[in-house]
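Enquirer: 3D model of this:
(one chain, ligands or ions: 1)
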Amino acid sequence: MSQPVYSSSDLLQNPGVFAAAQPPIRLSVFGNPVAHSRSPGMHNAALQAAGIEAQYVRIQVEPADANQAFKALPGAGFIGTNVTIPFKAEALAACDRVDEPARLMGSVNTVVVEGEQLIGFNTDGPGLVRAIREEFYTDLRDLRVLLLGAGGGAGRGIAVQCALEGCERLVLVNRTLEKARELETLLRPHFSSDRLVGPAERLQVIPWEENALRTQLAQTDIIINATSLGMKRSDPPLLPQSLLTPNLLVYDTVYATGKSRLVEDAEAVGARAANGLSMLLHQGALSFEIWFNQKAPLEAMRAALRPSAA
Ligand code: NAP
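Expert: All right, here's what the predicted structure looks like:
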């Protein structure tokens, strides 16, 4: 946390400062705000463990500078950057090419510099797949998923990943129903086969109402929370505890508060539950693999994310 936070004006007005640093700054996370990001700790541990002479910093980007800041990366000697709120859509627009998942997700969280070109990826969805395997010893594609927050950036990424994996079932829930309906239209072609034996629809949108949730949860293996609810200790509970049952898996993408209220409530009824730290770890490991074309030093990265290392 003691590392300096750079700004988009540094990139635009003084790009030489990055290559001149010791070790040279070749990677970053763009965001606003960005001071809270845990990515530098995780990636600098990875760079050190892999013996790569480079450092990773936070760059606070002003919205008006975003496009130019992306375009300045090659000239400033960067290998790439991660992107966090609110620039993931701008990153997509700034890239010369993006992979198919990023295009469908409508957002890029990992940029690679290739010559003068920027290539975009989104590792959030694939990171979640690895996290689910690690936490619950099962594959996302084999699960019937109920996704809360299917309207925000993370929710859209997870829904697209479920579609690309060919998940057995996906139920989209969002406070603003219209956004979940838009996602349903986008993903409908991916759910056209009748993989599920039984009467339930493979892709469904439901309103955020207790009765509708109760009905769907009877045909759900995993609840994934992709809302921002739970980031503050004072947030109200996401779901009434009476809806949670011991057979459910619960994955809360929120990791800011350690064990979220949702994770605590799920564990209290005997369900298996995990917070989003494992997704953060694995999306970061996938970024490292994209930048360096080598396996990420996962244990060094994991150690850097432990609360004692924050
Ligand atoms: P976002 O684009 O702002 O979306 C926020 C989502 O939360 C929307 O679906 C929004 O619903 C919903 N929401 C907000 N307040 C709500 C409330 N009071 N009740 C019900 N729903 C509410 O944010 P994001 O980028 O998707 O991030 C969402 C969460 O994902 C954050 O907690 C973030 O930490 C987490 N995340 C974790 C990882 C990881 O690696 N673990 C990676 C990415 C994101 P409306 O559409 O109705 O506004």
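
Enquirer: Show me which residues of this protein sit near the ligand.
Expert: Contact residues, the chain versus the ligand (CB under 6 Å from any ligand atom): 85, 124, 149, 151-155, 174-176, 179, 226-229, 231, 253-255, 276, 279-280, 283. Where you see a C-beta, it was placed from the backbone N, CA and C, and this is true even at glycine.

Enquirer: ok, the residue in the chain positioned nearest to the ligand - contacts?
Expert: Residue of the chain nearest the ligand, by CB to the nearest ligand atom: Gly152 (2.0 Å). Applying CB atoms under 8 Å, 6 or more residues apart in numbering, one finds that Gly152 lies in contact with 174, 179, 226-228.

Enquirer: circling back to that earlier point, out of the residues of the chain next to the ligand, which are buried?
Expert: For the residues of the chain next to the ligand, a burial check counting by 16 or more other CB atoms under 10 Å picks out 124, 149, 151-155, 174, 179, 226-229, 253-255, 276, 279-280, 283.

Enquirer: And the strands in the stretch 1-150 of the chain?
Expert: With DSSP state E, counting those that start in this stretch, the ranges of strands along the stretch 1-150 of the chain come out as 5-7, 25-31, 55-60, 80-83, 97-98, 110-114, 117-121, 144-148.

Enquirer: between those, which gets the lowest average pLDDT?
Expert: Mean pLDDT across these is lowest at strand 5-7; the value there is a mean of 94.

Enquirer: Relative to the whole chain's centre, how far out is that strand?
Expert: Relative to its chain's centre, strand 5-7 lies at 22 Å (CA atoms, centre = their mean, to the nearest Å).

Enquirer: give the contact list for the residue nearest the centre of the chain.
Expert: Centrality entry for the chain: nearest residue to the mean C-alpha point is Asp124, 3.4 Å, by CA atoms, centre = their mean. Contacts for Asp124 (CB under 8 Å, 6+ apart) come out as 105, 109, 154, 157-158, 161, 279, 283.

Enquirer: Format the residues you listed as a markdown table; extra columns: secondary structure and pLDDT.
Expert: Output for the contacts of Asp124, formatted as a markdown table (DSSP: H, G, I helix; E, B strand; the rest coil; pLDDT from 0 to 100):
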| residue | secondary structure | pLDDT |
| --- | --- | --- |
| Met105 | helix | 93 |
| Asn109 | coil | 96 |
| Ala154 | helix | 91 |
| Gly157 | helix | 94 |
| Ile158 | helix | 96 |
| Gln161 | helix | 96 |
| Met279 | helix | 97 |
| Gln283 | helix | 97 |
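
Enquirer: Which two among these are spaced furthest apart?
Expert: Met105 and Met279 (14.4 Å; CB to CB).

Enquirer: quick revisit: dump the contacts of Gly152 to JSON lines, plus distance to Glu135.
Expert: Shown next, in JSON lines, are these (distance: CB to CB, whole Å):
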{"residue": "Asn174", "distance to Glu135": "24"}
{"residue": "Lys179", "distance to Glu135": "27"}
{"residue": "Ala226", "distance to Glu135": "16"}
{"residue": "Thr227", "distance to Glu135": "19"}
{"residue": "Ser228", "distance to Glu135": "21"}
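
Enquirer: any chance of these in CSV, plus secondary structure and pLDDT?
Expert: Shown next, in CSV, are the contacts of Gly152 (three-state DSSP; pLDDT from 0 to 100):
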residue, secondary structure, pLDDT
Asn174, coil, 97
Lys179, helix, 95
Ala226, coil, 95
Thr227, coil, 94
Ser228, coil, 88
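
Enquirer: if we can go back for a sec, which one of the strands of the stretch 1-150 of the chain lies nearest to Lys71?
Expert: So among the strands of the stretch 1-150 of the chain, strand 117-121 is nearest, using CB to CB, at 7.7 Å.

Enquirer: Each with direction, which strands does the closest one pair with?
Expert: strand 97-98 (parallel), strand 110-114 (antiparallel) (DSSP bridges).

Enquirer: how about that strand as CSV, C-alpha atoms only?
Expert: The C-alpha atoms that make up strand 117-121 are tabulated as CSV, following Å, rounded to 0.1, in the frame of the first residue of the first chain:
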residue,chain,number,x,y,z
GLN,A,117,-1.4,-2.2,-30.8
LEU,A,118,-3.5,-2.9,-27.8
ILE,A,119,-5.1,-6.3,-27.5
GLY,A,120,-8.0,-6.7,-24.9
PHE,A,121,-9.1,-9.7,-22.8
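
Enquirer: Any idea how far it is from the middle of the chain?
Expert: 17 Å.

Enquirer: With stretch 282-296 instead?
Expert: 14 Å.

Enquirer: which outside residues touch that stretch?
Expert: By CB under 8 Å, 6+ apart, the list of residues contacting stretch 282-296 reads 27, 39, 42-43, 46, 50, 52, 79-80, 82, 109-110, 112, 121, 123-124, 126-128, 130-131, 134, 298, 301.
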